[in-house]
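Engineer: I would like the atomic coordinates for the input below:
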Amino acid sequence: MGNLLLTRKPGEGITINVPASEKDTEIHISTRPNSHNHNQTRVAIEAPKNVNIVRDELIGCDRKAAGQGAA
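Structural biologist: Numbers count the residues shown, from 1 in each chain. Sure, this is the predicted structure:
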């Protein structure tokens with residue numbers, strides 16, 4: 001199991017991709033307030049290492065980079 005701790009602002013998201021072959025995969029997500037900034041929430045994710053967890057804003061970056069590389 002791997003652990004990841006992210007800070008998210010309102011409106012920001014997280015995408016979790018679980019391989020189809022891992023149908024019984026368990027992912028634990030917990031949240032807690034950010035004591036330094038009340039406009040943010042801390043999100044702790046515990047999942048097997050074969051589970052891909054990506055901040056949503058990075059998905060857009062990957063797609064843009066892939067498009068630029070094809071030109």
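Engineer: how many other residues sit next to Ala20?
Structural biologist: 6 (other CB atoms under 10 Å). The C-beta positions use only the backbone N, C-alpha and C, and glycine is treated the same way.
Engineer: strands of the chain, start to end?
Structural biologist: 2-8, 14-17, 28-33, 41-47, 52-55 (DSSP state E).
Engineer: given the third one, what are its sheet partners and their directions?
Structural biologist: Paired neighbours of strand 28-33 in the sheet (DSSP bridges): strand 41-47 (antiparallel).
Engineer: so where's the protein shaky on pLDDT?
Structural biologist: Flagging of the chain using pLDDT under 70 yields the residue ranges 61-71.
Engineer: hang on, the earlier thing: so which of the strands of the chain is the most packed in?
Structural biologist: Across those, averaging neighbours per residue (mean count of other CB atoms under 10 Å) puts strand 41-47 on top, at a mean of 16.
Engineer: between it and strand 2-8, how many degrees?
Structural biologist: 160 degrees (axes from the mean of the first three to the mean of the last three CA atoms, to 10 degrees).
Engineer: next one: strand 41-47 to chain centre, how far?
Structural biologist: Here strand 41-47 shows a centroid-to-chain-centroid distance of 8 Å under the convention CA atoms, centre = their mean, to the nearest Å.
Engineer: now swap in stretch 19-29 and tell me
Structural biologist: With CA atoms, centre = their mean, you get 14 Å for stretch 19-29.
Engineer: could you do stretch 45-57 as well?
Structural biologist: Distance of stretch 45-57 from the chain centroid (CA atoms, centre = their mean) equals 5 Å.
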